[in-house]
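> Sequence isn't available, so here's the structure alone:
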């Protein structure tokens, strides 16, 4: 059973120095804006399905965060953090259309880690880098409780979708693939 707390602390080993800074930046943002949140301490896990089971919620309530490489023309590449419900995939064609791009694909791990300031499996649904555009599917914003790893494999946060939208200020567009049947 995960340890759920309404307070935060920094005990336990961080995933990397970079992710610890990202974790602290997120906690500072939530605290400084008096945003209600719940911290969940759990076994280290980065897979959306597995960590959702550890946290004890439906996968659809998780924020799955994917860093994409978007080429709008031969010379212009931008990076996009797409946030979709945990039980869905990113619809690459929807992202391609949204940005009028020639190509959309997954960023390599090193680029994703550099832009997200977190290791794979711990990417936040927030962008703290000006070179990383943030797009969230409307179903993410609609969640009464939104769960995500907090830039650490052993920590997760729960906030309302409305509070997430207010703080992260994502571009809200349909970027999730079809719902599972």
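Cool, got the structure. Everything numeric in this text was worked out from a predicted model, so none of it was measured.

> what residue lies at the spatial centre of this protein?
residue 125 (2.7 Å; Cα atoms, centre = their mean).

> Look through this protein and tell me its longest helix.
With DSSP state H setting the assignment, residue counts place helix 17-32 as the longest helix in the chain.

> What helices and strands are in contact with it?
Helix 17-32 sits against strand 155-159, with contacts defined as 3 or more Cβ pairs under 8 Å, 6 or more residues apart in numbering; DSSP states H and E. All C-beta atoms are positioned from the backbone trio N, CA, C, and that covers glycine.

> Show me what the strand it packs on is packed against.
helix 17-32, strand 38-41, strand 146-149.

> just so I know, which of the ones you listed lies nearest residue 107?
helix 17-32 (16.0 Å; Cβ to Cβ).

> Return the angle between stretch directions for that closest one and strand 155-159.
30 degrees (axes from the mean of the first three to the mean of the last three Cα atoms, to 10 degrees).

> as a whole number, average confidence for helix 17-32?
Across helix 17-32, pLDDT averages out at 85.

> Now do the same for the residue of the chain most remote from its centre: its pLDDT.
Computed with Cα atoms, centre = their mean, the maximum C-alpha offset from the centroid of the chain is found at residue 74, amounting to 28.4 Å. Per-residue confidence at residue 74 stands at 91 (pLDDT).

> Excluding chain neighbours, what is closest to it?
residue 102 (7.9 Å; Cβ to Cβ, 6 or more residues apart in numbering).

> From residue 91, how far out is that neighbour?
17 Å (Cβ to Cβ, to the nearest Å).

> Quick check on those two: which one has the bigger neighbour count.
It is residue 91, of residue 102 and residue 91, that has more neighbours when counted by other Cβ atoms under 10 Å, with 19 against 12.

> List the residues that contact that one.
174-177 (Cβ atoms under 8 Å, 6 or more residues apart in numbering).

> and if you look at residue 120?
46, 109, 112-113.

> mind running it again at 6 Å?
residue 109 (Cβ atoms under 6 Å, 6 or more residues apart in numbering).
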